[in-house]
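Visitor: predicted coordinates and the sequence they were generated for:
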Amino acid sequence: MDDATSAHAARPELLGGARRRPATGPRRLATATAAGLLALVLGVGLAPSASSDPPSDDDVRAAREAADGAARDVESVESELASLRDRQSTAEAAVETAAEEYAAAQDALATADAEVRDAQEALATARTGESESRAAVGALFRASRQGSTDLDALRAVLDADGVGQVVERENAERVAGRTAGRAVDAHATARAVADTARARAAAALAHQGEVEDRARDALAAAQVASDALDDAVQESATRRDALLADLARARATSVDVERQRQDARDAQAASEREAAARARVEAPAAGTPSGAPAAPPASSPAPANPAPDPAPAPAPAPDPAPAPVPDPAPAPNPAPAPTPDPPPVVTPPPGTGVGSAAQGRAAVAWARTKIGAPYVFGGTGPGYDCSGLTSRAWAAAGVDITRTSRSQYQRVQKISYDQLRPGDLIFYANDTSNPSTIRHVAMYTGNGRMIEARQPGSPVHEVAMRWADAMPYAGRP
């Protein structure tokens, strides 16, 4: 879209094969239209006809009203064209936001799936332990019923008389109690572990179901946003053509001329937005001076050898004293010019950069092999979403940067834009002072360009950097 706009901005405006001066604004063009209408009416009186009457006041008034109406029409049409641009930009941001929400839900679902697997493995182990401990207690019980060598000896002691036999009986009970106690305790422990594992597995399954529902809802919302963007693009194109036709009639030009004019206006508006956004992110942080403040101008130094003062001129005759007049009321002090609010101080979350410059170049090289791959919601290959592309590119270079653009921003080292090198990440947000609103990530490739998977219908591509909605800091994995 940016490349197409730039191409339109570079095309000269042509009318009838001759170069036209660029439009200077709706009011001048409306004035020209008004002049034409007035000339049309007044020209009736200039026709060489003896029977023609000069235009009446009503005729002149009607012509002026028609001219004013044409001017209002031009302003209204151009205002609506600007609103169409804003509507499409809003729809694009909504798609990117919905895609990020789905990627986050999908990542949470992957975590929930892993938890379910771990819980089920723990449950299987606990069930095995419970079964084995139950078998040990059952074996002891059967031995006591069938009689074993140890238990026969114990029974003989228990049937004995006398103090010595009592001592032996006490020792035997202790031995038997320890054996049975250990078996029973082991079974109780195994059973408790199994119960805990069952509860954990049930909770993991329930959580997995909730996350699946959220992921399904997020995907549906992303698809709705994508459809809304398609509708907005189509409706805007249709409405734009109609508005351009209205402009052509109001200005007595052609639709092609008005389209070229509007393309240039769109390109100029986009260029101004980009320039303002770039100034914002490249400006020093609030409270950090960009340079030493300019010193106030010093008064002119006195010359080393001053010339003698000239002789005083004779005093002129005094003028007659004027009649006293009351002093005028002091003028109120002018209100100080409002100063723009400084941008909010944004403290980036801590992050760590572990990748080298060579790994960054390797990540860019891998990503370039995916140019032309389709955009897919939640895609990590062969189709990709924005963070799926960046995470896989850096994984191919040997660095894990997590799955979503928001978590990637949390992970990476924050750098200023004048430090960008190939492989660094550029993040975009709905509120650039709030990382939780990040909606898109792209990878810097060098020379002011980046590679990205932006939205449905737009395959992986390499384009000039965009500055609008960029976070105050870029990221280095």
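Guide: Nice, I can see it. Numbering: from 1, shown residues only.
Visitor: CA atoms for contacts and neighbours, from now on please.
Guide: Noted.
Visitor: check the separation of the first and last residues in stretch 462-477.
Guide: 20 Å (C-alpha to C-alpha, to the nearest Å).
Visitor: the chain should start at 270 in everything you say after this.
Guide: Noted, 270 is the first residue going forward, which turns the last one into stretch 731-746.
Visitor: and that stretch, average pLDDT?
Guide: If you average the pLDDT over stretch 731-746, you get 95.
Visitor: which positions within that stretch qualify as buried?
Guide: 731-732, 734-746 (16 or more other C-alpha atoms under 10 Å).
Visitor: among those residues, which are in helices?
Guide: Assigned to helices by DSSP state H, none of the buried residues of stretch 731-746 qualify.
Visitor: residue 674: which of those residues is nearest?
Guide: Set against residue 674, the nearest of these by C-alpha to C-alpha is residue 744 (10.7 Å).
Visitor: closest one to residue 465 out of the buried residues of stretch 731-746, please.
Guide: Out of the buried residues of stretch 731-746, the member with the shortest distance to residue 465 (by C-alpha to C-alpha) is residue 746, at 39.5 Å.
Visitor: which ones are touching the closest one?
Guide: Contacts for residue 746 (C-alpha atoms under 8 Å, 6 or more residues apart in numbering) come out as 621-624, 663, 668, 670, 680-682, 693-694.
Visitor: apply 10 Å and report the result again.
Guide: 620-625, 628-629, 660, 663, 668-670, 677-678, 680-683, 692-694 (C-alpha atoms under 10 Å, 6 or more residues apart in numbering).
Visitor: cool, and residue 647?
Guide: 368-376, 488, 653-657, 672-673.
Visitor: wasn't it part of a strand?
Guide: No - read with DSSP: H, G, I helix; E, B strand; the rest coil, residue 647 is coil and lies in no strand.
Visitor: quick check: phi and psi on it?
Guide: Note on residue 647: backbone dihedrals following degrees, to the nearest 10 are phi 70, psi 10.
Visitor: one more: residue 694?
Guide: Residue torsions, per degrees, to the nearest 10, at residue 694 are phi -110, psi 140.
Visitor: against residue 630, how distant is it?
Guide: 12 Å.
Visitor: the two: which is more packed in?
Guide: When residue 694 and residue 630 are compared for neighbours, residue 694 comes out ahead with 28 against 20, by other C-alpha atoms under 10 Å.
Visitor: per-residue pLDDT of the more buried one, please?
Guide: For residue 694, the predicted pLDDT is 98.
Visitor: closest to residue 352 out of the buried residues of stretch 731-746?
Guide: The closest of the buried residues of stretch 731-746, once distances to residue 352 are taken by C-alpha to C-alpha, is residue 737, at 17.3 Å.
Visitor: show me what contacts the residue lying closest to the closest one once chain neighbours are set aside?
Guide: Excluding the flanking residues, the one nearest residue 737 by C-alpha to C-alpha, 6 or more residues apart in numbering is residue 546, at 5.0 Å. Shown in contact with residue 546 (C-alpha under 10 Å, 6+ apart): 540, 552, 735-741.
Visitor: could I get the buried residue list for the strand or helix carrying residue 546?
Guide: Per DSSP states H and E: residue 546 is located in helix 524-551. Using 16+ other C-alpha under 10 Å as the burial criterion, the residues of helix 524-551 that qualify are 524, 526-536, 539-540, 542-543, 546-547, 549-550.
Visitor: sort out which residues of the next helix-or-strand element following it are buried, please.
Guide: Once helix 524-551 ends, the next helix or strand along the chain (criterion: DSSP H and E) is helix 626-637. Applying a neighbour-count criterion of 16+ other C-alpha under 10 Å, one finds 628-637 buried in helix 626-637.
Visitor: so what's the model's average confidence on helix 626-637?
Guide: So the average pLDDT for helix 626-637 ends up being 97.
Visitor: what is it packed up against?
Guide: Helices and strands touching helix 626-637, as assessed by 3 or more C-alpha pairs under 10 Å, 6 or more residues apart in numbering; DSSP states H and E, comprise helix 655-665, strand 707-715, strand 718-721, strand 730-733.
Visitor: just send the ones you listed back as a markdown table, with distance to residue 382 too.
Guide: Output for the helices and strands packed on helix 626-637, formatted as a markdown table (distance: least, C-alpha to C-alpha, whole Å):
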| stretch | distance to residue 382 |
| --- | --- |
| helix 655-665 | 19 |
| strand 707-715 | 25 |
| strand 718-721 | 29 |
| strand 730-733 | 32 |
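Visitor: quick one: closest of these to residue 325.
Guide: strand 730-733 (59.6 Å).
Visitor: starting from that closest one, tell me which strands it pairs with and how they run.
Guide: With DSSP bridges as the test, strand 730-733 is paired with strand 718-721 (antiparallel).
Visitor: dump the residue contacts of the spatially closest residue to residue 690 that is not a sequence neighbour.
Guide: Setting aside the residues directly before and after it, residue 690 is nearest to residue 715 in space (C-alpha to C-alpha, 6+ apart), at 6.3 Å. Residue 715 is in contact with 630, 633, 689-693, 733-734, counting by C-alpha under 10 Å, 6+ apart.
Visitor: need the max-distance pair from the buried residues of helix 626-637.
Guide: It's 628 and 637 that sit farthest apart of the buried residues of helix 626-637, by C-alpha to C-alpha, at 14.2 Å.
Visitor: tell me, how many residues neighbour residue 726?
Guide: 12.
Visitor: dump the residue contacts of it.
Guide: Counted by C-alpha under 10 Å, 6+ apart, residue 726 has contacts 495, 499, 643-645.
Visitor: helices - which of the residues you listed land there?
Guide: Checking the contacts of residue 726 against DSSP H, those in helices are 495, 499.
Visitor: for the contacts of residue 726, pick the one with the most neighbours.
Guide: Going by other C-alpha under 10 Å, residue 644 tops the contacts of residue 726 with 25 neighbours.
Visitor: next, count neighbours for residue 677.
Guide: 23.
Visitor: tell me the spacing between it and residue 359.
Guide: In terms of C-alpha to C-alpha, residue 677 sits 24 Å off from residue 359.
Visitor: convert the C-alpha atoms of stretch 375-392 to CSV, please.
Guide: The C-alpha coordinates for stretch 375-392 follow below in CSV (Å, rounded to 0.1, in the frame of the first residue of the first chain):
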residue,chain,number,x,y,z
GLN,A,375,-3.0,-20.2,20.7
ASP,A,376,0.2,-19.9,22.7
ALA,A,377,-1.8,-20.3,25.9
LEU,A,378,-3.5,-23.3,24.4
ALA,A,379,-0.1,-24.9,23.7
THR,A,380,0.9,-24.3,27.3
ALA,A,381,-2.4,-25.8,28.5
ASP,A,382,-1.8,-28.9,26.2
ALA,A,383,1.6,-29.4,27.7
GLU,A,384,0.2,-29.2,31.2
VAL,A,385,-2.4,-31.8,30.4
ARG,A,386,0.3,-34.1,29.1
ASP,A,387,2.4,-33.6,32.2
ALA,A,388,-0.6,-34.1,34.5
GLN,A,389,-1.6,-37.3,32.7
GLU,A,390,1.9,-38.7,32.8
ALA,A,391,2.0,-37.9,36.5
LEU,A,392,-1.3,-39.5,37.0
